[in-house]
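Novice: dropping a prediction and its sequence here:
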Amino acid sequence: MFKAATVTSDENFSLDLGRKLGQALQRKLGQSPGACWLFCAPKAGLEDLLEGVNQTVGTRNIIGCTTAGEMSSDGYHKGSAVLGGIISDQIDFSIADVENLSQDFELAGKQLADRLSPSVQYMQLFSDGISGNGCAILRGIMSVLGEGVPIAGGTAGDSGKFHRTWQFAGRKLLTDAAVAIGFSGDFHLGTGVRSGWSPIGLAKKVTRASGNILYELNGEPALQVYERFLGKHAQNLPAVGVEYPLGLVGRCLDDDHQDYYLLRATMSVDRQRGSIQFAGEIPQGAVVHFTCGDSNSILAATTEAARLAGVDLGEASPVMVFFYSCMARKIVLGQRTQEELDRVRKIFGHEVPVLGFYTYGEYSRISCDHPSLLHNETATISVVGI
């Protein structure tokens with residue numbers, strides 16, 4: 001037995017709204033869920049909203065975060081709260097959280113994995129999108145769980161303000177934290193990942209980098225290379241960098257004939273040092289390309305990501321779709337943002353609930369035999385099936 005549903009509200013956040021959402025979800029499901037997800041804007045009343053959900057939803061397995069835009073079966077929203085839940089006699093859920101994320105990212109990942117059920121087969125991860133290093137968190141998790149356990153999810157947002165994000169675990173309202181939910185039991189999983197950005201210009205080598213800070217490309221200061229590439233638009237860095245993410249060259253393991261570019265989005269620049277900070281790590285020695293895309297290529301990539309997730313699911317029936325997409329895609333799509341969610345629903349059918357949000361970074365594996373990675377500017381879809 002498996003049933004999933006989502007509910008949405010654009011009302012001001014309050015204890016009463018949290019209760020209403022929890023009660024509405026129970027009515028849709030017919031009983032209390034085994035787990036639920038809360039994704040919402042970073043608005044006033046957040047603590048009351050979370051408490052109201054906890055009082056009425058009927059499970060302690062509540063997980064989620066603030067976002068840069070919310071998605072549910074009701075569509076794309078901003079400034080809203082979406083609550084989704086699952087009831088199943090085939091899946092067991094466990095949640096975990098770790099605070100003080102920025103003190104030691106890898107240790108935080110290890111602690112998070114240790115606090116989940118040892119039988120976890122699939123994990124969803126939501127980490128602080130400003131203070132957290134998603135690549136290091138993943139390394140910590142995989143040092144405990146191994147590379148074979150798929151990890152999906154996203155880094156929390158705050159509607160593009162880049163001031164503070166919040167994470168939820170049960171009744172806990174956290175910041176500078178990572179939270180996770182583990183799935184164990186009898187279920188199937190399909191994942192799909194695509195961006196829609198394509199390489200332009202000649203490949204370049206990362207000659208100096210540390211973590212997520214890029215110092216040199218081909219022996220030149222990274223900012224100088226970017227300024228030459230962008231011309232008069234360079235004065236708008238780092239914002240304009242969203243339109244031209246850096247692509248790390250690699251092979252997409254589900255298609256040996258197609259290059260896969262792991263994208264990295266600009267976050268800030270240091271004009272004195274000539275360096276650029278990105279939303280994910282860039283290994284020294286890596287080969288990279290500037291990339292570009294437009295709304296049509298982005299939407300086509302979303303369709304392909306959904307198709308790949310369906311193929312990966314195999315003969316199982318899809319029962320819940322989780323969609324985590326980058327805020328940068330939303331910026332480029334503008335008034336066409338709703339179309340991204342529409343593309344996903346067209347692949348899986350409108351009877352299958354969809355839940356997700358716009359992130360500051362996305363977690364997903366590229367293919368079923370590939371470890372999970374932190375992506376930027378990418379559509380990531382994971383579909384649970386039975």
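Specialist: Good, I have the coordinates.
Novice: from the recorded domain assignment, give the ranges for this structure.
Specialist: Taking automatic domain parsing as the reference, the chain has its domains at 2-193+297-385, 198-292.
Novice: worst average pLDDT in those domains?
Specialist: Per-segment mean pLDDT for the domains of the chain reaches its minimum on domain 198-292, at a mean of 87.
Novice: now do the same end-to-end measure for that domain.
Specialist: The straight-line separation of the ends of domain 198-292 (CA to CA, to the nearest Å) is 5 Å.
Novice: also stretch 166-179?
Specialist: Stretch 166-179 has its terminal residues 10 Å apart, counting by CA to CA.
Novice: out of the domains of the chain, which is the most enclosed?
Specialist: Mean neighbour count (mean count of other CB atoms under 10 Å) peaks for domain 2-193+297-385 among these, with a mean of 21. Where you see a C-beta, it was placed from the backbone N, CA and C, and this is true even at glycine.
Novice: how long is that domain end to end?
Specialist: One end of domain 2-193+297-385 to the other measures 9 Å (CA to CA).
Novice: then stretch 316-331?
Specialist: 34 Å.
Novice: centre of the chain to it, how far?
Specialist: Stretch 316-331 sits 8 Å away from the centroid of its parent chain (CA atoms, centre = their mean, to the nearest Å).
Novice: likewise for stretch 338-358?
Specialist: Taking the mean of its C-alpha atoms, stretch 338-358 sits 15 Å from the chain's own mean (CA atoms, centre = their mean).
Novice: residues contacting the residue located most distally from the centre of the chain?
Specialist: Largest separation from the mean C-alpha position in the chain: residue 219, at 32.9 Å (CA atoms, centre = their mean). Applying CB atoms under 8 Å, 6 or more residues apart in numbering, we find residue 219 in contact with residue 207.
Novice: can you check residue 176 too?
Specialist: In this structure, residue 176 makes contact with 99-102, 128, 131-132, judged by CB under 8 Å, 6+ apart.
Novice: ok, so of those residues, who is nearest residue 169?
Specialist: Comparing these against residue 169 with CB to CB places residue 99 closest, at 9.8 Å.
Novice: in contact with residue 267, which residues?
Specialist: Contacts for residue 267 (CB under 8 Å, 6+ apart) come out as 212, 238, 277-279.
Novice: was I right about residue 45 contacting residue 14?
Specialist: Yes. If you go by CB atoms under 8 Å, residue 45 and residue 14 touch, sitting 5.2 Å apart.
Novice: separation between the residue farthest from the centre of the chain and residue 291?
Specialist: In this structure, residue 219 and residue 291 are separated by 22 Å, where distance is defined by CB to CB, to the nearest Å.
Novice: phi, psi for residue 46 please.
Specialist: Note on residue 46: its backbone torsions stand at phi -60, psi -40 [degrees, to the nearest 10].
Novice: that one: what's it in contact with?
Specialist: Listed by CB under 8 Å, 6+ apart, the contact set of residue 46 reads 13, 40, 66, 166, 173.
Novice: now do 6 Å
Specialist: Applying CB atoms under 6 Å, 6 or more residues apart in numbering, one finds that residue 46 lies in contact with residue 13.
Novice: give me the distance between residue 202 and residue 274.
Specialist: Relative to residue 274, residue 202 is positioned 20 Å away (CB to CB).
Novice: likewise for residue 282?
Specialist: Relative to residue 274, residue 282 is positioned 15 Å away (criterion: CB to CB).
Novice: likewise for residue 310?
Specialist: Per CB to CB, residue 310 is found 45 Å from residue 274.
Novice: not counting its neighbours along the chain, what's nearest residue 345?
Specialist: Of all residues beyond its chain neighbours, the one nearest residue 345 is residue 354 (6.1 Å), with distances taken as CB to CB, 6 or more residues apart in numbering.
Novice: need the longest helix for this structure.
Specialist: Criterion DSSP state H: the longest helix present in the chain is helix 295-313.
Novice: for residue 358, list the residues it contacts.
Specialist: When contacts are counted by CB under 6 Å, 6+ apart, residue 358 touches 67-69, 325, 327, 330.
Novice: so what sits opposite it in the bridge?
Specialist: Each beta-bridge partner of residue 358 is listed here, defined by DSSP bridges: residue 325.
Novice: show me which pair in the contacts of residue 267 is furthest apart.
Specialist: Across the contacts of residue 267, no pair lies farther apart than 212 and 238, at 12.4 Å, counting by CB to CB.
Novice: geometric centre of the protein: which residue is closest?
Specialist: residue 154 (2.2 Å).
Novice: once you drop chain neighbours, what's closest to that one?
Specialist: With CB to CB, 6+ apart as the measure, residue 359 is the residue that lies nearest to residue 154, at 3.2 Å, once sequence neighbours are left out.
Novice: with residue 262 instead?
Specialist: Distances taken as CB to CB, 6+ apart place residue 248 nearest to residue 262, at 4.4 Å, with adjacent residues excluded.
Novice: repeat that for residue 85.
Specialist: Here the residue nearest residue 85, using CB to CB, 6+ apart, is residue 33, at 3.2 Å.
Novice: what's stretch 310-328 in contact with?
Specialist: Everything outside stretch 310-328 that qualifies as a contact, by CB under 6 Å, 6+ apart, is 2, 4, 68, 71, 154, 188, 190-191, 242, 265, 344, 347-348, 352-356, 358-359, 362, 376-386.
Novice: how far does that stretch sit from the chain's center?
Specialist: Between the mean C-alpha location of stretch 310-328 and the chain-wide mean there is a distance of 13 Å, by CA atoms, centre = their mean.
Novice: with stretch 152-163 instead?
Specialist: Averaged C-alpha coordinates place stretch 152-163 at 9 Å from its chain's average position (CA atoms, centre = their mean).
Novice: next, please give the residue ranges for the helices of the stretch 51-200 of the chain.
Specialist: Shown for the stretch 51-200 of the chain, the helices assigned by DSSP state H, counting those that start in this stretch span residues 105-115, 134-145.
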